[in-house]
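Visitor: My questions are about this predicted structure, shown below with the sequence.
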Amino acid sequence: MPSALVRSSGSSAASRRVLFMVLACSVAFFIGGLLGFAPAQEEANAQSSTTEQPNIVFVLADDLDYASTQKMPEINSLLAEQGASFEEAFVSYPICCPARATILTGLYSHNHDVRGNKRPVGGFEKFRDEGLEEDTIAARLQEEGGYRTAYFGTYLIGYPAGDPTHVPPGWDEWYGKLNEQKLYNYSITEALQLQH
């Protein structure tokens with residue numbers, strides 16, 4: 001488990017990166033691909049040269065509608081055209097925490113049981129207390145695929161529930177935004193796991 005540090009925005013290069021990502025995308029999390037993140041070196045060396053694993057970068061933009069994207073051409077040229085765009089996608093429970101729980105676990109909301117943004121039916125504490133942090137895509141990619149993982153931005157509403165040093169399992173780098181409703185002058189939990 002990495003040790004965690006709480007920082008205010010603007011106090012380090014890492015927090016400035018988070019500020020940019022949060023302002024540009026409202027929330028973002030990245031798995032692999034960023035800053036040279038790829039399968040751990042010893043894992044990569046053990047793989048056959050013909051079975052190279054791809055880097056994965058996932059960007060989630062909250063409340064970003066189609067009309068807004070038309071005023072932000074870099075979203076299309078840098079993200080959609082060079083990656084994947086899901087134009088006919090749907091979500092089973094289209095509010096913040098249930099949708100994020102689905103994204104992080106791959107489970108439908110009736111299976112992960114996060115049914116709202118606040119406890120007792122939802123939010124960060126419900127996600128954590130149900131043991132869902134132990135089996136996220138990050139934990140699986142890290143354990144089974146040898147990936148290094150990083151998270152930047154807002155996690156789940158209610159994070160960190162009184163423990164600003166909490167870092168969910170499965171993340172090698174963690175820049176979790178505290179005070180999720182603040183756009184400026186907010187704090188982050190910053191953690192770096194030195195060994196994978």
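Guide: Yep, that arrived.
Visitor: so where is the chain shaky, pLDDT-wise?
Guide: 1-3, 6-51, 180, 194-196 (pLDDT under 70).
Visitor: Mind jotting down where the helices sit in the protein?
Guide: For the chain, applying DSSP state H gives helices covering 13-25, 41-46, 66-69, 73-74, 96-105, 109-112, 123-129, 137-145.
Visitor: For T105, list the residues it contacts.
Guide: H112, L132, D135, T136, I137 (C-beta atoms under 8 Å, 6 or more residues apart in numbering). Yep, even glycine has a C-beta here, placed from its N, CA and C like the rest.
Visitor: so what's the fourth one up against?
Guide: Read that as T136. L104, T105, P168, P169, G170.
Visitor: separation between it and I75?
Guide: 25 Å (C-beta to C-beta, to the nearest Å).
Visitor: re earlier: I only care about the contacts of T136 that end up buried; give me the PyMOL line for that.
Guide: Buried residues within the contacts of T136, by 16 or more other C-beta atoms under 10 Å, are selected in PyMOL with:
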select buried, resi 104+105+168+170
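Visitor: tell me the two of the contacts of T136 that are most distant?
Guide: The largest separation in the contacts of T136, counting by C-beta to C-beta, is between T105 and P169 at 12.8 Å.
Visitor: and L192, how many neighbours does it have?
Guide: If you count neighbours by other C-beta atoms under 10 Å, L192 ends up with 16.
Visitor: Who does it form a beta bridge with?
Guide: Legend: beta-bridge partners of L192 under DSSP bridges are S3, E173.
Visitor: From what I see, it and Y175 are in contact.
Guide: No: if you go by C-beta atoms under 8 Å, L192 and Y175 don't touch, sitting 9.6 Å apart.
Visitor: thinking again about what came up before, most neighbours among the contacts of T105, which one is it?
Guide: For these, neighbours were counted using other C-beta under 10 Å, and T136 has the most, 23 neighbours in all.
Visitor: so how far is H112 from that residue?
Guide: 11 Å.
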